[in-house]
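>>> Need coordinates for the below:
(2 chains)
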Protein chains: 2
Amino acid sequence: MSRIGVLGGMGPSATVDFMDKIIQLTPATRDQEHLPVIVANLPHVPDRSSAILGTGPDPLDALLAGIDVLNDAGVGVIAIPCNSSHHWYAQIAAHSRAPVIHIAQSCVAAIATASQDRPLRVAVLATRGALASGFYQHALRERGIDFLVPDASTGQDHVDACIRAVKGGDVQAGAAAFGRALEALAATGATAVIMGCTELPIAAQAARAAQHTPLALVDSSLELARATVAFALDKGWNKPTWVS
Amino acid sequence: MSRIGVLGGMGPSATVDFMDKIIQLTPATRDQEHLPVIVANLPHVPDRSSAILGTGPDPLDALLAGIDVLNDAGVGVIAIPCNSSHHWYAQIAAHSRAPVIHIAQSCVAAIATASQDRPLRVAVLATRGALASGFYQHALRERGIDFLVPDASTGQDHVDACIRAVKGGDVQAGAAAFGRALEALAATGATAVIMGCTELPIAAQAARAAQHTPLALVDSSLELARATVAFALDKGWNKPTWVS
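Numbering: from 1, shown residues only, chains lettered A, B, ... in the order given. Okay, the predicted model is just below:
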């Protein structure tokens, strides 16, 4: 039970980005100081956003099958670097023996800590399914953080295009769409942006606009990785059990 | 049995690089067209090179425990993006229900195909343990390919430094050492280089010298990924089983 479990493949590049973040966040000078991680990279899980919007098959059985693979492999905590899948968080958490860290709760908690009562207006960039589900809005309301959700005039189409491009392997097109999404937010009074879909930070890393924006960019995948690594280091999972 | 298994963590960054290669090599325009992969990222496996050289604990039990995790998770083939661990290939392959693709055999087969009888002199860059084990030399001899193994005067110290730096998270220092290793090969008559340790391609990607060298660089991790993806696509594992 001294391993991190990652339910991934949603999408595959976002999972690789998440694994890289876990490595970068772990203080280590050699292999043996890193954290053990079991990854179930299962890209065939039906599209989460479509399912929430009622236009595609239900992914819950596939999600729970992935959770079973991880629990059977002896993981002690599970992270899911896919925001939209957290629509089914209650069912997933109830099904899993290992605790499941909530990506949106991790992300919003980090914003609350970082803002330290400075006024914020947070734009939530996510799939239409995740926005319809409302778990980000719920987490932000719980902490009293002002937020907005883009519509067609404030960039949601560009967010959709960005996510689709990264999932299709075209990071440059994703970066361009991400830049347009940031531009479209200019008139909204937003001071910060939640990258509430794990494809968005991949586009942002390649987007010049992301380096020059006055908006604070909050990376849901990075915040999930931080919470996961903190959990694992606290348990001492970076210490090899074969060293007596 | 329609999943790739990856025994990783040796090192963790090399595993992330290998997963990224699997994704890049898979023809896909959306999540659901990608290949399912279970990754056992187990960095606590004792250092392979030290064990081969008789200066560290035996990693075989840890390697076989990782193979068990993958087989129990229902994988149909296993790739191990760590060259030195192939010293124990016979024991690993005998222990595993799923077939295990041999990184050095994949790499040398690719060289043989690409060279098409043109004269080659291949420098094998690897850990001292992998070189002492001799599986690359064996595979090259089997195919009649001329090769050399660096010594202190032809760059082995720089190879060691490169691998150590990447494992320690300092890719820039690794890139500099990789450049020095290429320079040291100049007098050997080498025409090609096997990057026979999965940390080396990570350094090479960041090394200016690698972009400008006249030497053909052969990436063992990429060749393993190619063989693995070809195996999986041939089996149709990119086709979701829930689509009837």
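>>> is the host helix or strand of A:Ala40 up against chain B anywhere?
Assigned by DSSP states H and E, A:Ala40 belongs to strand A:37-41. Yes - contact of strand A:37-41 with chain B (C-beta under 8 Å from any C-beta of the partner chain) involves A:37-41. Every residue, glycine included, has its C-beta placed from N, CA and C.
>>> can you check stretch A:44-62 too?
Yes - counting by C-beta under 8 Å from any C-beta, chain B has neighbours in stretch A:44-62: A:44-47, A:57, A:62.
>>> looking at it, A:Arg143 is touching A:Ala112, isn't it?
Yes - between A:Arg143 and A:Ala112 there is a contact at 4.8 Å, judged by C-beta atoms under 8 Å.
>>> Excluding chain neighbours, what is closest to A:Trp131?
To be clear, residue A:131 is Leu; Trp isn't right here. Nearest non-adjacent residue to A:Leu131, counting by C-beta to C-beta, 6 or more residues apart in numbering or on different chains: A:Val149, 5.5 Å away.
>>> for A:Asp17, helix, strand, or coil?
Assigned by DSSP: H, G, I helix; E, B strand; the rest coil, the conformation of A:Asp17 is helix.
>>> so what pLDDT did it get?
If you check A:Asp17, the pLDDT there is 98.
>>> quick one: it from chain B, how far?
Per C-beta to the nearest C-beta, to the nearest Å, A:Asp17 is found 9 Å from chain B.
>>> try A:Gln24
A:Gln24 is 8 Å from chain B, by C-beta to the nearest C-beta.
>>> residues of the strand or helix carrying that residue that come out buried?
If you go by DSSP H and E, A:Gln24 is part of helix A:12-25. Of the residues in helix A:12-25, A:12-23, A:25 count as buried by neighbour count, 16 or more other C-beta atoms under 10 Å in any protein chain shown.
>>> Might you report the residue contacts of the closest residue to A:Ala190 other than its chain neighbours?
Here the nearest residue to A:Ala190 in space, its sequence neighbours aside, is A:Ala123; by C-beta to C-beta, 6+ apart that works out to 4.0 Å. A:Ala123 is in contact with A:147-150, A:154, A:185, A:188, A:190, A:192-194, A:215, counting by C-beta atoms under 8 Å, 6 or more residues apart in numbering or on different chains.
>>> what's the answer for A:Ser106, then?
With contact set as C-beta under 8 Å, 6+ apart, A:Ser106 has these partners: A:220, A:223-224, A:226-227.
>>> Which helix or which strand is home to it?
Assigned by DSSP H and E, A:Ser106 belongs to helix A:103-115.
>>> Please identify the buried residues of that helix?
A:103-108, A:110-112, A:115.
>>> After that helix, which helix or strand is next?
strand A:122-125.
>>> any idea of the mean pLDDT in that next one?
In this model, strand A:122-125 has an average pLDDT of 98.
>>> Could you list the domains of chain A?
With domains defined by automatic domain parsing, chain A comprises A:4-102+A:223-235, A:104-220.
>>> Run through the residues that contact A:Val122.
By C-beta under 8 Å, 6+ apart, the contact set of A:Val122 is A:111, A:140, A:145-148, A:190-194, A:218.
>>> Hmm, I typed the wrong one, I wanted A:Val171.
Neighbouring residues of A:Val171 by C-beta under 8 Å, 6+ apart: A:165, A:202-203, A:206.
>>> What segments of chain A are strands?
For chain A, applying DSSP state E gives strands covering A:4-8, A:37-41, A:77-79, A:100-101, A:122-125, A:147-148, A:192-195, A:216-219.
>>> quick one: is the third one near chain B?
Put plainly, it is strand A:77-79. No - with C-beta under 8 Å from any C-beta as the criterion, chain B is not reached by strand A:77-79; the gap is at least 13.0 Å.
>>> Roughly how far does A:Ala28 sit from A:Pro59?
Distance of A:Ala28 to A:Pro59, computed by C-beta to C-beta, to the nearest Å: 34 Å.
>>> right, I mislabeled it, should have said A:Glu223
Where A:Pro59 is concerned, A:Glu223 sits at a distance of 23 Å (C-beta to C-beta).
>>> And the pLDDT for A:Ser220?
A:Ser220 carries a pLDDT score of 98 in this model.
>>> How about the contacts made by the nearest residue to it once chain neighbours are set aside?
In space, and not counting its chain neighbours, A:Ser220 is closest to A:Cys107: 4.4 Å by C-beta to C-beta, 6+ apart. Neighbouring residues of A:Cys107 by C-beta under 8 Å, 6+ apart: A:136, A:139, A:194, A:196, A:218, A:220, A:223-224.
>>> residue ranges for the helices of chain A, please.
Here chain A has its helices, by DSSP state H, at A:12-25, A:48-52, A:60-72, A:89-95, A:103-115, A:128-133, A:135-142, A:156-167, A:171-184, A:200-205, A:208-212, A:220-235.
>>> Output the contacting helices and strands for the lowest-mean-pLDDT helix or strand in chain A.
Sorting the helices and strands of chain A by mean pLDDT, DSSP states H and E puts helix A:208-212 at the bottom, at a mean of 91. Judged by 3 or more C-beta pairs under 8 Å, 6 or more residues apart in numbering or on different chains; DSSP states H and E, helix A:208-212 is in contact with helix A:171-184.
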